[in-house]
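Engineer: Provided below for reference: sequence and predicted model.
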Amino acid sequence: MSIKNIRLEVMQFLEKRVDSFVDQYLIPVEEIWQPSDFLPNSESDNFLEEVKELREISKDLPYDFWVAMVGDMITEEALPTYENWLMEVEGVDNLERNSWAKWVRQWTGEENRHGDLLNKYIYLSGRVNMREVEMTSQHLINDGFDIGTGRDPYKNFVYTSFQELATYVSHNRVSQLAKGYGDKKLAKMCKMIAGDEMRHHHAYSHFVTEIFKVDPSEMMLAFQYMMKAKIVMPAHFLRESGQKIGSAFEQFSDSAQRIGVYTANDYVDIMQKLIIKWEIDKMVGLTDEAEKARDYLMKLPGRMAKISERIVIPKESHIFKWVEPARL
Ligand SMILES: [Fe+2]
Ligand SMILES: [Fe+2]
């Protein structure tokens, strides 16, 4: 049987359990938080006072902080790209409305709240040029992304396991920083988002654990493939208005790195966490090729840590059209 057919069979085998994964890892609409739980209530007579307070408190947040948060928000707003991509994965069938497609839709529903909440906060803060941000969001959706997974479910679930943890780290750090600057409400918002990301990370990494049980060698090779190619961030095509595709990504990640929202160390840390979670060291029944992949993976975090020590981040912030320094 071809590799592709085996993957499809594994996906069909796991599909029978997707309903229980939904119950375990996703939260029903009526029970989960919504953006308006944390934002000034526009129906209330106190709305304008609450907005005023939000604007006052947000004045203390520094430049790189805004850039990192705006970039995170834009990454969340490119959700249509991620939903389309997951719907194309081998074994996910939206036309047939199979259980994997149901998972993807409900995951999308949860994710959709993240960009929504951050966008409204950023809009109300008055610190950001919304039109520029909106153009970047539209560009990012138009540009799509290319993360090298193809339609392969094994590679895709490695990617989502990694990415959900990376977004957890990033939103959680924004939350901690906001708290440090005295913006308790923003800290709470980002904490709630981070909580969702952690739950999603547990789900996707559970799928990978289940695949390891039935197809260990191929799963190992897919993990190696993704780590060798390096995990490309979902916003890698980020650009400002009028600029070339991808031109803003590095400057955005420099800002995130400078302020400690997401760093090269975090990348290595996440890789190490996945290796521990999937018990890569204890995996048995591997082919020779997969054994070699395991050896490669076990040594990789150490090697990457050394490389990341040498990375130099520019001291000065790039000035984005999104945030005019004069507004801060
Ligand atoms: Fe998210
Ligand atoms: Fe997520």
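Structural biologist: Happy to help now that I have it. Ligands and ions are numbered 1, 2, ... in the order given.
Engineer: what's stretch 58-74 in contact with?
Structural biologist: 115, 118-119, 122, 125-128, 133, 136-137, 140, 167, 170-171, 174, 177-178, 181-183, 186, 235, 238, 252-253, 255-256, 258-259, 261-262, 317, 320, 322-323, 325, 328 (CB atoms under 8 Å, 6 or more residues apart in numbering). The C-beta positions use only the backbone N, C-alpha and C, and glycine is treated the same way.
Engineer: For PyMOL, write the select line for the buried members of the residues you listed.
Structural biologist: Selection of buried members from the contacts of stretch 58-74 for PyMOL, criterion 16 or more other CB atoms under 10 Å:
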select buried, resi 115+118+119+122+125+127+128+133+136+137+140+167+170+171+174+177+178+181+183+186+235+238+252+253+255+256+258+259+261+262+317+320+322+323
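Engineer: Mark which of the contacts of stretch 58-74 are part of helices, please.
Structural biologist: Among the contacts of stretch 58-74, the members falling in helices (DSSP state H) are 115, 118-119, 122, 125, 133, 136-137, 140, 167, 170-171, 174, 177-178, 186, 252-253, 255-256, 258.
Engineer: and for stretch 104-114, what are the contacting residues?
Structural biologist: Residues contacting stretch 104-114 (CB under 8 Å, 6+ apart): 22, 26-27, 29, 32-35, 76, 79, 82-83, 86-87, 92, 94, 171, 193, 196, 200, 203.
Engineer: mind redoing it with 7 Å?
Structural biologist: Residues from elsewhere that reach stretch 104-114, judged by CB atoms under 7 Å, 6 or more residues apart in numbering: 22, 26, 32, 34-35, 76, 79, 83, 86-87, 92, 193, 196, 200.
Engineer: So it, near ligand 1 or not?
Structural biologist: Yes. Interface with ligand 1: stretch 104-114 contributes 111, 114 (CB under 5 Å from the ion).
Engineer: Tell me the buried residues in that stretch?
Structural biologist: Of all the residues in stretch 104-114, those buried under the rule 16+ other CB under 10 Å are 104, 106-108, 110-114.
Engineer: Need those in JSON lines (columns: pLDDT).
Structural biologist: Output for the buried residues of stretch 104-114, formatted as JSON lines (pLDDT from 0 to 100):
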{"residue": "Val104", "pLDDT": "98"}
{"residue": "Gln106", "pLDDT": "98"}
{"residue": "Trp107", "pLDDT": "98"}
{"residue": "Thr108", "pLDDT": "98"}
{"residue": "Glu110", "pLDDT": "98"}
{"residue": "Glu111", "pLDDT": "98"}
{"residue": "Asn112", "pLDDT": "98"}
{"residue": "Arg113", "pLDDT": "98"}
{"residue": "His114", "pLDDT": "98"}
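Engineer: nearest to ligand 1, of these?
Structural biologist: His114 (3.9 Å; CB to the ion).
Engineer: State the distance from the residue lying farthest from the centre of the chain to ligand 2.
Structural biologist: Ranked by distance from the centre of the chain (CA atoms, centre = their mean), the top residue is Asp45, with 36.5 Å. Using CB to the ion, to the nearest Å, we find Asp45 at a distance of 36 Å from ligand 2.
Engineer: From ligand 1, how far off is that residue?
Structural biologist: 33 Å.
Engineer: Closest to ligand 2 out of the contacts of stretch 104-114?
Structural biologist: Comparing the contacts of stretch 104-114 against ligand 2 with CB to the ion picks out His200 as the nearest, at 4.7 Å.
Engineer: Look at the nearest residue to Lys228 once chain neighbours are set aside and say how many residues are nearby.
Structural biologist: Spatial nearest neighbour of Lys228, excluding adjacent residues (CB to CB, 6 or more residues apart in numbering): Tyr296 at 7.5 Å. Counted by other CB atoms under 10 Å, the residues lying close to Tyr296 total 15.
Engineer: So what does the nearest residue to Glu90 once chain neighbours are set aside have for phi and psi?
Structural biologist: Nearest residue to Glu90 in three dimensions, chain neighbours excluded: Arg151, at 4.8 Å (CB to CB, 6+ apart). Dihedral pair for Arg151: phi -100, psi 10, per degrees, to the nearest 10.
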